[in-house]
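In: With the sequence up front, the predicted model follows.
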Amino acid sequence: MKCKICGESANIKLDYCGLKLCKPHFIEYIQKRVKRTIKRYQMVRKEDTIAVALSGGKDSQALLHILKQIYVDSNKLIGIHIDLGINDYSQESAKFVRILCDELEVPVHVINIKEEYNFTIDNAKKSKKIRRPICGICGLVKRYVLNVFARKYKADVLATGHVMDDEVSVLLSNLVNGNFEQLIRGGPFLPSDDVSMVARIKPLYEISELETTLYSHFNNIPFIEITCPYDVKATVSSYKQVTNKLEEMQPGSRYLLLRNYIKIYKKALKDYNTEIQQELCYCKVCGGPTIRDICAFCSLRKKMEGNE
Ligand code: SF4
Ligand SMILES: [Zn+2]
Ligand SMILES: [Zn+2]
């Protein structure tokens with residue numbers, strides 16, 4: 001098997017396009033595709049500062065590495081990592097984030113939620129006052145804290161490491177469950193609706209998990225390999241299994257599904273959007289954007305008071 005670009009021995013064959021590539025050309029190919037995604041969806045303006053949400057996992061670590069290659073001469077990148085207070089897992093995650101940021105010379109801010117908000121995800125998991133699944137709570141905390149600190153550090157956009165596999169399975173789940181609001185708001189670029197919200201981008205939207213794994217290995221990118229103790233992935237994984245099977249039977253179908261969702265279906269749903277749009281107001285406690293009097297994060301914080 002020979003590399004299509006240089007004719008040397010190839011390390012990988014991409015089933016969805018039949019391309020055979022050696023290590024250096026695969027790395028170059030992934031960086032070019034991410035660059036194309038950023039351009040295609042107009043995610044970043046020339047003057048923007050990008051905050052990268054770093055969990056310590058392979059996808060966000062690969063994302064930072066790729067962005068650093070794309071924006072090689074600029075100092076427009078900053079890393080943000082949230083210490084969620086999940087026992088050893090959080091300590092390990094922070095370790096890998098710091099190693100990579102040091103290596104790439106990217107400034108990183110580690111936000112400890114215990115210090116900032118006086119509770120941890122471990123506390124929330126144990127609390128009898130919290131009924132929602134812990135990953136839902138954790139997602140809420142991450143969204144809120146990332147937005148607050150991306151603004152604090154003057155970022156224009158917040159980049160997350162969501163890859164194609166996750167995006168397709170979430171899309172299928174939203175279709176099956178009729179989650180119209182999520183279908184309308186989904187996609188690789190969520191512009192800011194208000195000055196209090198930082199725009200969100202997903203530069204790995206068209207890159208698969210397998211590709212980020214290979215990219216990480218080929219570049220010796222350090223990442224945490226243990227999973228979070230609360231990781232159950234029950235519902236999403238069934239959708240992921242289906243979309244993986246579809247990809248296996250029809251290579252390239254996941255990419256097509258995402259492209260058609262953005263190009264055709266999302267546009268068609270726009271009319272519906274105007275009907276369901278709720279007026280944005282500001283949280284009475286933190287001043288952040290919400291559709292209620294008190295935002296979901298401040299309600300959670302209130303419940304967690306006294307829950308050490
Ligand atoms: S698995 Fe759940 S609790 Fe653990 S980090 Fe992910 S979202 Fe948070
Ligand atoms: Zn080559
Ligand atoms: Zn609030």
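Out: Yep, that arrived. Ligands and ions are numbered 1, 2, ... in the order given.

In: Quick check: next helix or strand after the least confident helix or strand in the chain by mean pLDDT?
Out: Here the helix or strand of the chain ranked lowest by mean pLDDT, DSSP states H and E is helix 270-276, holding a mean of 65. Counting by DSSP states H and E, the next helix or strand C-terminal to helix 270-276 is strand 281-282.

In: So that next one, near ligand 3 or not?
Out: No. Strand 281-282 is not in contact with ligand 3 by CB under 5 Å from the ion; minimum separation 8.4 Å. For every residue, glycine as well, the C-beta is placed using N, CA and C.

In: tell me the mean pLDDT over that strand?
Out: Across strand 281-282, pLDDT averages out at 90.

In: what's in contact with the helix or strand that that strand is followed by?
Out: Using DSSP H and E, the helix or strand that follows strand 281-282 in sequence is strand 289-290. Contact partners of strand 289-290, identified using CB atoms under 8 Å, 6 or more residues apart in numbering, comprise 193, 194, 196, 197, 280, 281, 282, 283, 295, 296.

In: Give the buried subset of these as a PyMOL selection command.
Out: For the buried members of the contacts of strand 289-290, the matching PyMOL selection, counting by 16 or more other CB atoms under 10 Å, is:
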select buried, resi 196+197+283+295+296
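
In: closest to ligand 1 among the contacts of strand 289-290?
Out: In terms of CB to the nearest ligand atom, no member of the contacts of strand 289-290 lies closer to ligand 1 than residue 296, at 15.3 Å.

In: Would you check how far apart the closest one and residue 192 are?
Out: Computed as CB to CB, to the nearest Å, the residue 296 to residue 192 distance reads 19 Å.

In: Equivalent analysis for residue 93, please.
Out: If you measure residue 93 against residue 192 using CB to CB, the figure is 27 Å.

In: And residue 136, by the same measure?
Out: 24 Å.

In: Name the residue in these two with the higher neighbour count.
Out: Set residue 136 next to residue 192 and count neighbours by other CB atoms under 10 Å: residue 192 wins out with 16 against 11.

In: Let me know whether residue 107 touches residue 76 as I believe.
Out: No. No contact is recorded between residue 107 and residue 76 when judged using CB atoms under 8 Å, the distance being 11.1 Å.

In: who's more crowded, these two?
Out: When neighbours are counted by other CB under 10 Å, residue 76 comes out ahead of the other of residue 107 and residue 76, with 17 against 11.

In: List the neighbouring strands of the helix or strand containing residue 158 plus their orientation.
Out: Assignment of secondary structure by DSSP H and E places residue 158 within strand 157-159. Within its sheet, strand 157-159 is paired with strand 50-53 (parallel), strand 199-201 (parallel), according to DSSP bridges.

In: got the residues of the stretch 151-300 of the chain near ligand 3?
Out: Residues of the stretch 151-300 of the chain lying near ligand 3 (CB under 5 Å from the ion): 283, 285, 286, 288, 295, 298.

In: if I pick the spatially closest residue to the fourth one that is not a sequence neighbour, what's in contact with it?
Out: Right, residue 288. In space, and not counting its chain neighbours, residue 288 is closest to residue 295: 5.3 Å by CB to CB, 6 or more residues apart in numbering. Applying CB under 8 Å, 6+ apart to residue 295 gives the contacts 144, 283, 285, 286, 288, 289.

In: Just the buried ones from those?
Out: Counted by 16+ other CB under 10 Å, the contacts of residue 295 give 144, 283, 286, 288, 289 as buried.

In: Can you add distance to residue 102 and give these back as a markdown table?
Out: Shown next, in a markdown table, are these (distance: CB to CB, whole Å):
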| residue | distance to residue 102 |
| --- | --- |
| 144 | 27 |
| 283 | 36 |
| 286 | 32 |
| 288 | 32 |
| 289 | 34 |
